[in-house]
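Trainee: coords below, sequence missing:
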C-alpha cells in the first residue's frame, strides 16, 4: 500500500442481509405463524428501512425451494414520477395484479409448465425439439404405413406395405418440417380463435382482471412448482386497499383448490408416488426456534401447510381513520381486516438513533485492530455525525454514505496531499450533499448547480457592500479636515494682510448697532467656521462687509469643498466599524456572511437577471440561501461554516443556546404591597421567574412599573413591553420622571428596536412625549435620533397636535436630525406619514439622497427641499451620488419640471463636473430627442433656443445616435446634426433638407463627420446633392473636395448630376470632381463660362479630349492669360491657341503683361504667328527681343520680308531708324543674342549690312533698305 494513502476498506453491498441477533425474533414470529397451518395472510409491518427485506431473506433461507418473492417496485402507474419511496396512489388494482401474475409465472421455466397458456419465450431446446420432430416423423410414417397397408390389401400385394424406401422420405420430410416449425415458432405462436365461414371459436378470455384471466395459470403454477410461500414486497408504495382484498380472495381460492392440497402435491397420492415411496418431509431439518437468534445459518425446511402470503408493508398503509362514539380517532379496524397475523418491526434506524448507526458505519473505516492516529484523523467527528444523522434514518442509505465516503476518502484525503481546508468532516459533508441532492451534485461539474448560483450571489453581495463601505471610508477624517482648516487659515491671513482685510465676527450689543470683533487665528482655523460658510453664512470683514463662499474662493484662490456637508467626517467608532466590516468582507466566507445580516444584496443587482426572479427587497446572505437551496441540511451546513464557496467544505451545525440566568423573586412585594416602585433594583433573573410563574398578566400591576422591568422586557420579551408603557398614558410628572430615568439608565443599553417600538407606543398614547425625546440629551445622539424617529411614527397619521408641531425644541431638533431618521429611508405609508409630520415641523430637507421614494415624494410635492444635484439624484432614487442626466430626470415629473426652466443652471453645473467622469445630458437617443422637443416647445420664439439645444445635445452621450430625425422639429434636427448625435443616413439628411429647403450647417457638419451616409431611402438624391455642391461655397471647411468625392462615390448610381450642378460647387471641389472624371468634357465646356474660377476652367481645359480654339476663347479671360500659359495641366497645343484670341485677351489693365507673356510663350516654343499678331503684341508693349525672335520664325518670316518697313516702324527705336534715314544716323544695337540673330536675318535678306562691332561690342549696321 502506498504510504500516502489510507488503508483500503472494502465497500459493503446494500442488499438486505439476515442478521440473527437483529432479525431472529421477527423470523421466529413468521415461522410460528406459517407452521401453525392456521395463518395464510401475514403482514410484516414496519416503516421504510426498518429491515423487513432482511427478515424476509431469513425466511427464504428456511424455505429456499418453496418461497417466491414478488417485488412491486417496478410498477409505474400513470402520474408516478418514479421517486423512490414516494407513494403512488394512482396505481390501480389491475396494475398490481398484472405485475404479481407476471412475476409469479415467469419464475418457472416454460419447459416445466407445458400446459401453460401464458405466452412466454424461452431458450430453444434442441434435444427436446428433435425428439418431438422424430415423434412426428414416426407418426407420419405410421399413418403412411396404415394407408399403404389398406392399399396393399386392396391390390392384394402385401409386399407393398413392407418396402422401407417408401417410408424414409416421409420420415425425413416430416422430421425436418416439424423441427423447422418448432424452431421458427419457438414462443411466438399463440392461437386465439378459429374461424370457419360464419362460425368463429374464440380461445382467449379477457375479463379485465388479471387474477381472473390467469387463475388457472396461477393454480397450475403452484401445482407444478410446489411453492407454498408467496412474499410480496414494496406494497407500501401504493394506497390501494382493493388489491389486498383480491390477494386475500386469491389466497383463499388457492388453499381451497383440490389440486393444491398438500396431500395431493406432496403426499403418497398416485401409483407413481407409491412406487417411489415418496416422502417429501425427508428434506426438512428440525429447527429449534429458541436458538434462532444465535444461529448463523438457518437449516432448510419444507412447508406442507397451506399456501401463505407474506406482505411487507408500512404501518400506515391501511390506515383508514375511524371515529368512535367517544370521538377517539384510530386506525385499528382496517389493519386487522386483511391479515391473519401482523408482525410489527421495530425501526432499526430512526431520526433519533441514526447518529449511532452512522457512527458505527464510519467506525468500520478504521478496520479491525487498534486504530492508528492516521485512521482517527481520517474519520469524521462525532459532532458532525450527531448533527446530520437526523436526515438519514435509513440503514441502507447510511451504509451507502459510508461506502461513498470510503471511496472519496481514498481518492481525495491522502495525507500530506490534500488541501488544508479539506478534512474528514468536510469530505463527509460533500457525500451528504451528494446523497440529498444527486442531480444538483452532478451539475456542479458543469457549473450549473444551485451552489454555483449561491456563489454568484455571494460574490455580488460582497462586491456591492465593499463598494458601499469604500465610498463611506472615502470621507475625510476629522483630523484631516481640521488640518486643512489650519492651512486655509494661514493662507487667507497672509493674503488678507496684503489686501488689508481683517476677518471679523459680529457681537450684538443692542438692536440698533452691531459690534465687530477680529477673528483670532485659532477661530479661523476651526473647521466649524468653514462649514458654516459653506452652508451659506457669509464671513464678515472690515466692519460690516460680507464675503460669500464664492467670493472667498475667487478672491483667495482657494477651495472650500473640503468643508461641504457631503464631506462630513465619520465618527471614530463608525470608521472603526466600517474598517472592521471591510476586513470581514475581504476575507468573507459563507459562514461569515450568514452571520452578518447587515450585508445585503440589492434587488436591482445585475446578478438577479442570470435566470433568477428578482426579489422585492434587499436580502441578506442567509435569506439568499433560503431562497436558493431552501431550508435543510445544506443551509445548516452553510450556517455552521462547513459548506463553503469551495462546495466541499461541509460540517455540522451544532444548535444550542445558553441563557445562564439566576433567579431572584420579588413577587411577594408586588402582591402584598401594591404601588409603583420605578427605581427599585431588581435583577433580570427575578423578573423572568416572576413572569414565568404568574404569566405576563402580572405586568399589568402597578408594582411592575419599574425601569428595570421595562429594560428586561425590551431585552427579552419586547412583545410584552406594552403592558408597562400603557400605564404611562396619563403623562403625569411621575410618568415623565420615570421615562427620563429610564432613558438615562438604559437609553444607551436597551435593544434599540424594542426601545423604539416602545417609544412609538408611548407617543401614540401621549403625543407630548415627542418633546421629551427632543430635549433629552442623555441618550447618545445616534440612539436619540432613532427614538425621535420612533416618536414621530407613533403620532396620529392625520396631524400632530399644535402643542407638538409648534414646540420650538421639536422643530429645531427635527431640522437637525431629519437626515438620520430611518423612517424617511423606508417605503410605504409610514414614510409618508413621518414626512408630513416633519413638514408641519418646518423641516427643509437639505439632502434627499437618504430618503425613500415615498418620503421624497412628499417633500418634493411640498417643495420642502433644496435644489441641488444631490437632491436630483435622490429624486431619481440613486443610492450613490453621480451625475443625473436630463433623460433620467424624465422619470420624475417634479424633477424634470424643476430643471428644464433652469436649463442654463443645469448646464453650468454640468460643465463644472469632472470631465473624466461620465457626465452627459442623455444616455439614449430616444431620451435626447424627447428632451430637445420639450426644450424647443418651452423656448419657442427664443432666439437663443438654438444654442441651448446644441449645448444639451453636445453634452449628451458621445456614442448615442438618433436613427430617424424626420418626426422632430427643425431646430431639434439642426442641433442633433451639428453635435453629431444623428445616425448619418440619407433619410436623416434629406429630412433636414426637406424641412429647411437648403443645406444647413448641420447637414454640412454631418457630412463632414461621415461622408458615406447609409442609403436608407429610395428618393432621388440629385436635388439634395446639387444643393450640397452649392453649399460647398458656404461651408468650405466642412464640405471639402475629399468629402464631396467620397460622398458622390459612395452614392454612385443612385442619382444623376448635371455638369452645371458640379460646376456650381466651390472651385476646389469642382476641380477635384472634374479631375476625378465626374461629367463629360463636352458637357462641362458647353455650360462653362468665364465666370467660373480659373482653377475650374483650367481643369476643364485640361480634360480629355483636348478643347478646340473656341473653348479657349470662351474660358480664358485677360486676367487668366499668364496662368493659362504657365499651366502644366493644359496641353501645350491647347495653350498655343492663345494667339488666335489676342483681340479679347490683350485688353484691360493686363494687356502689356499678357502681350509679353504670349510673346515669351510663343518664342520659347518656336510657334510662328502672323505679322499682324506680332504687330498687336508690339503695340501693347511686348518686349522687343521676344518679338524679334517671332519675326524670324516661319510663320511671319516671309510676310515680314515682303513688307519689312511697317514692322520695323512698329518695332520703333533703332529698328525704325533702319528704314527712316532722314535726320538719323545708322542705328547701333546692343550686343544681345536677339539683336545678333535678327540683324543676321535682315542681312541675309539684304535689308541691312552688318559692320564691325565697336570695342564695347555695340553692333553697327549699314542701311540698305529705304522706305
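Mentor: That came through, no problem. Everything numeric in this text was worked out from a predicted model, so none of it was measured. Numbering: from 1, shown residues only.
Trainee: tell me the domain ranges of the protein?
Mentor: The chain breaks down by automatic domain parsing into domains covering 21-73+90-122+205-344, 126-186, 354-436, 450-472+572-640, 476-567, 758-882, 888-983.
Trainee: compare the ones you listed and give me the one nearest residue 1206.
Mentor: Among the domains of the chain, the nearest to residue 1206 by Cβ to Cβ is domain 888-983 (69.3 Å). Every C-beta, even on glycine, is put in place using the N, C-alpha and C of the backbone.
Trainee: distance from the chain centre to that closest one, please.
Mentor: 31 Å (Cα atoms, centre = their mean, to the nearest Å).
Trainee: quick one: terminal-to-terminal distance for that domain?
Mentor: 22 Å (Cα to Cα, to the nearest Å).
Trainee: and residue 850, what is it in contact with?
Mentor: Applying Cβ atoms under 8 Å, 6 or more residues apart in numbering, we find residue 850 in contact with 819, 824, 825, 874.
Trainee: with respect to pLDDT, which of those ranks lowest?
Mentor: Lowest pLDDT among those: residue 874, with 73.
Trainee: helix or strand for it, which one?
Mentor: Following DSSP states H and E, one finds residue 874 within helix 869-875.
Trainee: which residues sit against that helix?
Mentor: Contacts for helix 869-875 (Cβ under 8 Å, 6+ apart): 566, 845, 847-851, 856, 860, 865, 881-884, 889, 892, 894-895, 899, 909.
Trainee: can you list the buried residues in stretch 1150-1169?
Mentor: Buried residues in stretch 1150-1169, counted by 16 or more other Cβ atoms under 10 Å: 1150-1151, 1153-1163, 1167-1169.
Trainee: and the next element down the chain from the helix holding residue 874?
Mentor: Next element after helix 869-875 (DSSP H and E): helix 886-889.
Trainee: flag every buried residue along that following helix.
Mentor: Those would be 886, 887, 888, 889, for helix 886-889 by 16+ other Cβ under 10 Å.
Trainee: equivalent analysis for stretch 893-907, please.
Mentor: 895, 896, 898, 899, 900, 903, 906, 907.
Trainee: pretty sure residue 223 contacts residue 259?
Mentor: Yes. Using Cβ atoms under 8 Å, residue 223 is in contact with residue 259, at 5.1 Å.
Trainee: which one of the two is surrounded by more residues?
Mentor: residue 223 (17 against 12; other Cβ atoms under 10 Å).
Trainee: how near is that one to residue 247?
Mentor: Per Cβ to Cβ, to the nearest Å, residue 223 is found 19 Å from residue 247.
Trainee: residue 342: what secondary structure?
Mentor: strand (DSSP: H, G, I helix; E, B strand; the rest coil).
Trainee: just checking, it touches residue 39?
Mentor: No. Taking contacts as Cβ under 8 Å, residue 342 lies outside contact range of residue 39: 10.5 Å.
Trainee: helices or strands next to the lengthiest helix in the chain in the packing?
Mentor: In the chain, with assignment by DSSP state H, the single longest helix is helix 126-155. Applying 3 or more Cβ pairs under 8 Å, 6 or more residues apart in numbering; DSSP states H and E, one finds that helix 126-155 makes contact with helix 168-184.
Trainee: what's the helix it packs on packed up against?
Mentor: Using 3+ Cβ pairs under 8 Å, 6+ apart, helix 168-184 is in contact with helix 126-155.
Trainee: in the helix it packs on, what's buried?
Mentor: 129, 132, 133, 136, 137, 140, 141, 144, 145, 148, 152.
Trainee: right, and the domains of the chain - which one's nearest residue 684?
Mentor: Nearest to residue 684, of these and by Cβ to Cβ, is domain 758-882 at 16.9 Å.
Trainee: now find how far off-centre the closest one is within its chain.
Mentor: 37 Å.
Trainee: can you give me the end-to-end span of it?
Mentor: Per Cα to Cα, the first residue of domain 758-882 is 39 Å away from its last.
Trainee: same check, this time on stretch 153-166
Mentor: 17 Å.
Trainee: what mean pLDDT does it have?
Mentor: Computed over stretch 153-166, the average pLDDT equals 70.
Trainee: then stretch 683-692?
Mentor: 78.
Trainee: and that stretch, which residues are buried?
Mentor: Buried-residue list, stretch 683-692, by 16+ other Cβ under 10 Å: 683, 684, 685, 686, 687, 688, 689, 690, 691.
Trainee: taking these one by one, which sit in helices?
Mentor: 684, 685, 686, 687, 688, 689, 690, 691.
Trainee: nearest to residue 928 among those residues?
Mentor: Closest to residue 928, out of all of those and judged by Cβ to Cβ, is residue 684, at 64.9 Å.
Trainee: which SSE is the closest residue to that closest one other than its chain neighbours in?
Mentor: Among residues not flanking residue 684 along the chain, residue 712 sits closest, at 4.8 Å (Cβ to Cβ, 6 or more residues apart in numbering). Using DSSP H and E, residue 712 falls within helix 707-716.
Trainee: what does that helix contact?
Mentor: 678-684, 687-688, 699, 720-721, 723-725, 738, 741-742, 745-746, 749-751, 754-755, 758.
Trainee: in PyMOL, select just the buried ones from those residues.
Mentor: To isolate the buried ones among the contacts of helix 707-716 in PyMOL, judged by 16+ other Cβ under 10 Å, type:
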select buried, resi 678+682+683+684+687+688+699+721+723+724+725+738+742+745+746+750+754+755+758
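Trainee: so of the contacts of helix 707-716, which ones are in helices?
Mentor: Using DSSP H, the contacts of helix 707-716 in helices are 684, 687-688, 723-725, 738, 741-742, 745-746, 754-755, 758.
Trainee: would JSON lines of the residues you listed with distance to residue 104 be doable?
Mentor: Below are these laid out as JSON lines (distance: Cβ to Cβ, whole Å):
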{"residue": "684", "distance to residue 104": "72"}
{"residue": "687", "distance to residue 104": "73"}
{"residue": "688", "distance to residue 104": "68"}
{"residue": "723", "distance to residue 104": "73"}
{"residue": "724", "distance to residue 104": "76"}
{"residue": "725", "distance to residue 104": "77"}
{"residue": "738", "distance to residue 104": "85"}
{"residue": "741", "distance to residue 104": "87"}
{"residue": "742", "distance to residue 104": "82"}
{"residue": "745", "distance to residue 104": "84"}
{"residue": "746", "distance to residue 104": "79"}
{"residue": "754", "distance to residue 104": "70"}
{"residue": "755", "distance to residue 104": "75"}
{"residue": "758", "distance to residue 104": "75"}
